[in-house]
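Enquirer: got a sequence here, can you model it:
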Amino acid sequence: MKFDAEHRTDLLQSPLPPQFAMRPSSQPARLNPTAGHHSFPRTQSIIPSKMEALEVLGGYPNKPSNPRSRMVRVLLSMTVVMGCLLMLHSFLKIAMSRKPQDFYSFEVKDAKGKSVSLERYRGKASLVVNVASHSEHTDNNYRSLQELHRELGTSHFNVLAFPCGQFGDTEMGTSRDIEANAKNTHGVTFPIFSKIKIMGSEAEPAFKFITDSVKKIPKWNFWKFLVNPEGQVVRYWKAEEPVESVRQEATAMVRQIILKKRAEL
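Expert: Okay, the predicted model is just below:
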């Protein structure tokens, strides 16, 4: 096919279609001495690069959503959350069930029902006793315990009495009545705590710590347990053993406490 000069000029002057458009380079045209003609600058491709495409799409390929994939992701997320909750529950359960390390770590109730931390007795010797108001051992034990309490002094020693009504009908009154009877009838000045149980599933935790420590459960009223300044049970005495048998070891422990305090001065 032949074209005249005018027709060729029209073709050269007509604009190219968009798909054939060239992007001009910033580099100027240079003369190519070997080719004998001008070397035109390189043109840039109209096809966007991978990085440009990612910028347009916000950095991520715009893939069509798959309902099944979404469901799998939701189920996986729920599984992870449930696993974390179960782990937290187990941790809290273990932390709550962890036993205190010593007797003074517990809290108990006084005769008026007020919470009392046994931490106030840490650093002292304590004689813990399960008492009763109407036992064959009541008069003699209350009198001897009060003498020991007064003799060794509250600075280094305390008798801690826990009324218990699990041995016959020896302790039938309320905690307030028990405390009033002990003070008015027997003249005791050592602490009388709230009435407790020392046997069974409802056993007072503080007293259970004591019985677990010696692996012995009292079989009657006025069992005595000597607790050292660190809150550990070191010895126990049965109801039929007189308080005089306790005096020697309690006195020796108090003496050690005094000597230790003097050495620390």
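Enquirer: what about Ala161, which SS state?
Expert: strand (DSSP: H, G, I helix; E, B strand; the rest coil).
Enquirer: cool, and Val108?
Expert: Three-state assignment for Val108 (three-state DSSP): strand.
Enquirer: near it, how many other residues are there?
Expert: 19 (other C-beta atoms under 10 Å). (C-beta placed from N, C-alpha, C; glycine too.)
Enquirer: mind listing the residues bridging to it?
Expert: Legend: beta-bridge partners of Val108 under DSSP bridges are Val116.
Enquirer: surely Val188 meets Ala161?
Expert: Yes - contact criterion C-beta atoms under 8 Å: Val188 and Ala161 qualify, at 7.4 Å.
Enquirer: more neighbours: which of these two?
Expert: With neighbours defined as other C-beta under 10 Å, Val188 and Ala161 compare such that Ala161 has more, 26 against 21.
Enquirer: so that one versus Val72, what's the distance?
Expert: Distance, Ala161 to Val72, using C-beta to C-beta, to the nearest Å: 65 Å.
Enquirer: mind listing the shared neighbours of Val188 and Ala161?
Expert: Here Val188 and Ala161 have Leu145, Ala182 as joint contacts, going by C-beta atoms under 8 Å, 6 or more residues apart in numbering.
Enquirer: which residues of the chain score low on pLDDT?
Expert: Under the criterion pLDDT under 70, the flagged ranges of the chain are 1-65, 90-100.
Enquirer: where exactly do the helices run in it?
Expert: For the chain, the helices defined by DSSP state H cover 5-13, 50-56, 67-97, 138-152, 175-186, 205-214, 244-264.
Enquirer: distance to Asp169 added to these, as JSON lines?
Expert: Shown next, in JSON lines, are the helices of the chain (distance: least, C-beta to C-beta, whole Å):
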{"stretch": "helix 5-13", "distance to Asp169": "125"}
{"stretch": "helix 50-56", "distance to Asp169": "88"}
{"stretch": "helix 67-97", "distance to Asp169": "35"}
{"stretch": "helix 138-152", "distance to Asp169": "13"}
{"stretch": "helix 175-186", "distance to Asp169": "14"}
{"stretch": "helix 205-214", "distance to Asp169": "20"}
{"stretch": "helix 244-264", "distance to Asp169": "27"}
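Enquirer: for Gly168, which of these is the nearest?
Expert: helix 138-152 (12.4 Å; C-beta to C-beta).
Enquirer: how far off centre is the closest one?
Expert: 41 Å (C-alpha atoms, centre = their mean, to the nearest Å).
Enquirer: now Met78: how far from Met87?
Expert: Separation of Met78 from Met87 (C-beta to C-beta): 15 Å.
Enquirer: cool, thanks, talk later.
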